[in-house]
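Novice: my questions are about this predicted structure, shown below with the sequence.
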Amino acid sequence: MAKLPRLWAPKPWRAVDYNEDAILRCIRKHGYVFADPKLDGMRCHILQLDGRWVATSREGIEIQALRGTLQRNSGVLNANVSMHTVLDCEVLISGINFEKSTGLLRKHVDDVPEMYQDRVEIHVFDAVWKVPDGCMQSDLPLAERQLEMIERLERTDNQSDFVPVHYRRVKCTSVIELNAAYDRFRRNGFEGAVYKDPSMPYRNGKVTGWWKRKPDLTVGGVVVGLRWGDAGKANEGLVVGFEVELEDGSTCVATGLTQEVMHAVTAAPSTYIARAIEVKAMERTAQGNLRHPKFNRWRDTESTKGIEE
C-alpha cells in the first residue's frame with residue numbers, strides 16, 4: 001500500500017499523564033478545571049486545504065476513508081466553520097472495537113463501508129486555526145475558543161456526524177469532583193477523562209495544561225518474537241515492539257519502546273528472545289485481550305522504564 005503524503009504539520013496539543021497536584025494548583029488559581037470524556041478513537045483534524053474539506057491524522061496525513069463523511073457533512077461545515085479554522089476531533093465508528101474502527105479508517109479508500117457510514121462519529125473538542133507555518137494555534141483560552149464554534153455545531157448535532165464534546169464537559173472544583181467526573185465517564189463507556197486548564201491558549205506537543213486519566217494494569221510475560229518498523233517510516237529497520245506470551249497463556253504485541261530500547265534490541269535482537277518482560281495496558285477487553293499494551297520494563301533486571309507515547 002502506497003504511503004499517503006503529509007499535507008501539513010498540525011502539532012496538536014497532547015495530554016500528559018494525570019498529575020493531581022498540578023491539577024489542584026490550577027483549581028486554586030482559576031477556581032476550576034474542565035473535565036472531558038476521553039474517547040477510544042483516532043485523533044483527527046478537519047480543515048480546508050486547496051478548497052476542499054480534509055480530515056488528517058495528528059501527523060498531517062489525510063484520513064482518506066473520511067472523504068465520504070466530509071462530503072455528506074459539507075453543508076454543516078460550510079455553514080459553521082470558517083476557511084481558516086481547524087476542528088480538533090476524535091473520530092470513531094460506534095458499535096465496534098478500537099482495532100476494527102481504526103483499521104477501517106486507515107484504509108486508502110474514499111469512504112467507510114456502507115454498513116458503517118451512519119455510525120461514523122466525529123467528536124469535536126476544540127476549534128483553533130491554521131497559522132502560516134502550518135501548525136494549529138489559538139491565543140484564546142479554552143473557555144472562550146470553544147464557545148462559539150462548539151455551540152454552533154451543537155445546534156446541528158442531530159443533522160450531522162459531528163458530536164460536540166462540549167455538552168459532556170463538566171467543571172471540577174475539587175478532588176471529589178475530579179474523581180466523580182472520571183467515574184461517571186467510565187460508567188458511560190468512555191476510556192477515561194482529560195482535565196483541562198480553562199485559561200490556557202492552545203499549545204503544541206505533549207505539554208502540561210491537559211492531563212489524561214485512564215485505568216491501567218501490569219502483566220508479566222516472556223518475549224517470544226519481535227516486531228520491526230515498517231518500510232518507509234521513521235523506525236524502518238528498528239525493533240519497535242515485542243511479541244509476548246503472557247502469564248495466563250494469552251499473547252499480545254507490546255509497543256511503546258523508547259529510542260534507547262529500540263536501538264539496544266536492534267543491535268542484538270536474538271538476545272532478547274525469552275526475556276522476562278512486564279507489559280502495561282489500559283485494561284482487558286470483554287474478550288480478555290489487553291487494550292493498548294505497551295512495554296513497561298524488564299522483569300529480569302533492575303527497573304528499566306521503556307514507555308514513550
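Specialist: Sure, I can see it. These numbers come from a predicted model, not from an experiment.

Novice: can we go C-alpha only for contacts and neighbour counts from here?
Specialist: Fine.

Novice: ok, which stretches of the stretch 1-150 of the chain are strands?
Specialist: For the stretch 1-150 of the chain, the strands defined by DSSP state E, counting those that start in this stretch cover 13-17, 33-38, 42-49, 52-56, 85-93, 120-130, 136-137.

Novice: and the longest one, C-alpha only, in PDB?
Specialist: Spelled out, that is strand 120-130. Backbone C-alpha positions of strand 120-130 (Å, rounded to 0.1, in the frame of the first residue of the first chain) are rendered in PDB as follows:
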ATOM      1  CA  VAL A 120     -19.200   7.400  12.000                       C
ATOM      2  CA  GLU A 121     -18.900   9.900  14.900                       C
ATOM      3  CA  ILE A 122     -16.600  12.900  14.800                       C
ATOM      4  CA  HIS A 123     -16.300  14.200  18.400                       C
ATOM      5  CA  VAL A 124     -15.200  17.900  18.300                       C
ATOM      6  CA  PHE A 125     -13.400  19.100  21.400                       C
ATOM      7  CA  ASP A 126     -11.600  22.200  20.200                       C
ATOM      8  CA  ALA A 127     -11.600  24.800  17.400                       C
ATOM      9  CA  VAL A 128      -8.400  26.600  16.600                       C
ATOM     10  CA  TRP A 129      -6.800  28.000  13.400                       C
ATOM     11  CA  LYS A 130      -4.000  27.100  11.000                       C
END
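
Novice: wait, which of the strands of the stretch 1-150 of the chain is closest to Asp111?
Specialist: With C-alpha to C-alpha as the criterion, Asp111 lies closest to strand 120-130 of the strands of the stretch 1-150 of the chain, at 10.6 Å.

Novice: contact partners of the closest one?
Specialist: Outside strand 120-130, the residues within contact range by C-alpha atoms under 8 Å, 6 or more residues apart in numbering are 10, 69, 84-94, 136-138, 142, 145-146, 149-150, 161-166, 202.

Novice: any of these buried? List them.
Specialist: 10, 69, 85-93, 136-138, 142, 145-146, 149-150, 161-166, 202 (16 or more other C-alpha atoms under 10 Å).

Novice: kindly reformat the strands of the stretch 1-150 of the chain as CSV and extend each row with distance to Leu238.
Specialist: Converted to CSV, the strands of the stretch 1-150 of the chain look like this (distance: least, C-alpha to C-alpha, whole Å):
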stretch, distance to Leu238
strand 13-17, 25
strand 33-38, 31
strand 42-49, 25
strand 52-56, 26
strand 85-93, 29
strand 120-130, 34
strand 136-137, 31
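
Novice: which one of those strands lies closest to Asp197?
Specialist: Shortest distance between Asp197 and the strands of the stretch 1-150 of the chain, using C-alpha to C-alpha, is found for strand 33-38: 5.3 Å.

Novice: what lines up beside the closest one in the sheet?
Specialist: According to DSSP bridges, strand 33-38 forms sheet pairs with strand 170-172 (antiparallel), strand 192-196 (antiparallel).

Novice: output those in TSV; the columns should cover distance to Gly225.
Specialist: Shown next, in TSV, are those (distance: least, C-alpha to C-alpha, whole Å):
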stretch	distance to Gly225
strand 170-172	44
strand 192-196	31
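
Novice: winner for burial among these?
Specialist: strand 192-196 (a mean of 25; mean count of other C-alpha atoms under 10 Å).

Novice: my guess is Val33 meets Cys172, correct?
Specialist: Yes. Between Val33 and Cys172 there is a contact under C-alpha atoms under 8 Å: 5.4 Å.

Novice: so what sits against both of these two?
Specialist: Each of Ile27 lies in contact with both Val33 and Cys172 under the rule C-alpha under 8 Å, 6+ apart.

Novice: low-confidence ranges, the protein, go.
Specialist: 1-2, 148-152, 154-159, 166-167, 301-309 (pLDDT under 70).

Novice: next, name the residue at the spatial heart of it.
Specialist: Central residue of the chain (C-alpha atoms, centre = their mean): Arg43, 4.9 Å from the mean position.

Novice: any idea how far the residue nearest to Pro164 when sequence neighbours are not counted is from Asn289?
Specialist: Nearest residue to Pro164 in three dimensions, chain neighbours excluded: Val124, at 4.8 Å (C-alpha to C-alpha, 6 or more residues apart in numbering). Using C-alpha to C-alpha, to the nearest Å, Val124 is found at 29 Å from Asn289.

Novice: the nearest residue to Lys107 once chain neighbours are set aside: what's it in contact with?
Specialist: In this structure, Lys107 finds its nearest non-sequential neighbour in Ala65, 6.2 Å apart by C-alpha to C-alpha, 6+ apart. Counting by C-alpha under 8 Å, 6+ apart, Ala65 touches 104-112.
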